[in-house]
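**Q** Predicted model follows, preceded by the sequence.
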Amino acid sequence: MTFADADPRLQGLATRVTDAFAREFGGDATIVVAAPGRVNLIGEHTDYSDGFVLPAAIDRHIVIAARPRADRTVQLYAADMRESAQFDLDDLRPDTNRRWSNYERGVAWALQGAGYTLQGMDAVVAGDVPVASGLSSSAAIEVATAFTFQTLSDLDLDGVERALLCQKAENEFVGMRCGIMDQYIISLGRRDHALLIDCRSLDYELVPVPAGVSLVICDTQKRRGLVDSEYNTRRNECEAGARALGVPALRDVSVATFEARQDELAPVTRKRCRHVITENQRVLDAVDALGRDDLQRFGELMNASHVSLRDDYEVSCAELDAMVEAAWRQPGVLGARMTGAGFGGCTVNLVQDEATEAFQHSVAREYTDATGLEPRIYVCAAEDGVRLLRRA
Ligand code: GLA
């Protein structure tokens, strides 16, 4: 069996899901779909204020092998957990026992709610995107599921609409009020590029990942706690800030306007607003720096982003700070910051290629000395968004 993608990790995953499919359901899957995880280079907690983000899809994936059914049943097998779940497309409700299947259920619910007619299917899901690490394994499951339904049911759905419907599934079916960034980059990512996404217009600009540097992701192994409740609190605080400043969203406030009017805001709201408003400017400055090949400046902006997330937005934690501080001490590091929602999970580091090997050893050692935890470190490449690996 051959797959359209040469990446050996991905081929291994594809073989794993097709083998599991034959065991669970008998016979062959008719399609195999892959959706990547993501890392955000800069622009954190700005998407739900209509702002700017600069994520890349990464070479870690959720893979689905599927075959259509003649009825309205969806049978799922999660190979990594060795668990099954089943649901009826005419009766979609969240499941409190098999919570993992709520992403697939929610996507079916959102697609049907938008008027698309779905076919039942048998499907096996597996992946190598670390779970609960801030690399968006859940958004990857959503987008992979949407793409699988879309392919089997022959739906005419573009990448932006797919992202919006997956976000709707997560917001309204799963109950997490995430922004659009994760589903968007997983839907539309491009190999060797980050995407500058305008989260208001939903347009994007391709930004090449510069040559000579590696994207290194350091997983603190501190699982994200608190994240759901604190995330929703931050959203409310941003909305309160926008109301107080009389604008539709914080995207509409420049750094200069904020500085002139910040005394009108209550202290906590002021800090939250300062993060979002300065972070939006940092994203634009970072893209500008990349355009001028000024990696030094890009790295400084990443570092400033971390400080702002730590002190003003207060979504970092001791482990993320320890990992970032260890990175800042290493030679060849251009910039380092927490990535994703925060409260645990991963940092993203821009490291000169020749320093990457030594970086991994030293950061791991210094992080373990500081926290007692063993980190995981991944050197990643920027990947394409969701895609069909094989069709029978
Ligand atoms: C999570 C959400 C995104 C975004 C980030 C923070 O990953 O799903 O929409 O808000 O947090 O930048």
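**A** That came through, no problem.
**Q** Neighbours of the residue lying closest to D293 once chain neighbours are set aside, how many?
**A** The shortest distance from D293 to any non-neighbouring residue, by C-beta to C-beta, 6 or more residues apart in numbering, is to P210 (7.0 Å). C-betas here are computed from N, CA, C, even on glycine. The number of residues packed near P210 is 14, by other C-beta atoms under 10 Å.
**Q** Over to V247?
**A** Neighbours of V247 (other C-beta under 10 Å): 15.
**Q** Is it correct that it is in contact with V253?
**A** Yes. V247 lies in contact with V253 (C-beta atoms under 8 Å); the separation is 5.8 Å.
**Q** Need the three-state assignment for the residue nearest to D293.
**A** At P210 the chain is in coil, as set by DSSP: H, G, I helix; E, B strand; the rest coil.
**Q** just K222 next, same as before
**A** K222 - assigned by three-state DSSP - is coil.
**Q** Please shift the residue numbers so they start at 50 in all later answers.
**A** Noted, 50 is the first residue going forward, which turns the last one into K271.
**Q** Surely it touches E423?
**A** No. Using C-beta under 8 Å, K271 makes no contact with E423, being 11.3 Å away.
**Q** Which one's more surrounded, the two?
**A** Neighbours per residue, other C-beta under 10 Å: of K271 and E423, the larger number sits with K271, 21 against 10.
**Q** What pLDDT is listed against the more buried one?
**A** Looking at K271, its pLDDT reads 92.
**Q** just M50 next, same as before
**A** Here the pLDDT value assigned to M50 is 45.
**Q** Contact residues of this structure facing the ligand?
**A** Selection of the chain residues close to the ligand by C-beta under 6 Å from any ligand atom yields N89, E93, H94, D96, Y97, C227, G228, M230, D231, G389, A390.
**Q** pretty sure R310 is in a strand, no?
**A** No. Counting by three-state DSSP, R310 is not found in a strand; it is helix.
**Q** just to revisit the earlier point, can you tell me which of the residues of the chain next to the ligand end up in helices?
**A** Residues of these located in helices (DSSP state H): M230, D231.
**Q** Just the residues of the chain next to the ligand: which are in strands?
**A** N89 (DSSP state E).
**Q** okay, the residues of the chain next to the ligand in TSV with pLDDT and distance to R310 next?
**A** Putting the residues of the chain next to the ligand into TSV (pLDDT from 0 to 100; distance: C-beta to C-beta, whole Å) gives the following:
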residue	pLDDT	distance to R310
N89	98	28
E93	98	23
H94	98	21
D96	98	23
Y97	98	21
C227	95	29
G228	97	24
M230	98	27
D231	98	32
G389	95	30
A390	94	28
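**Q** Strands of the chain, start to end?
**A** Under DSSP E, the chain gives strands at 80-89, 101-102, 104-117, 122-127, 132-137, 170-176, 242-247, 252-257, 262-268, 382-387, 395-401, 425-429, 431-432, 436-440.
**Q** buried stuff in the last one?
**A** By that I understand strand 436-440. Going by neighbour count (16 or more other C-beta atoms under 10 Å), the buried part of strand 436-440 is R436, L437, L438, R439.
**Q** And the furthest pair within those residues?
**A** R436 and R439 (10.3 Å; C-beta to C-beta).
**Q** And the residue of the stretch 300-441 of the chain closest to the ligand?
**A** Here the stretch 300-441 of the chain gets closest to the ligand at one residue, A390, 3.6 Å apart by C-beta to the nearest ligand atom.
**Q** Identify the residues contacting that residue.
**A** A390 makes contacts with H94, G183, R273, V276, Y280, V364, as judged by C-beta atoms under 8 Å, 6 or more residues apart in numbering.
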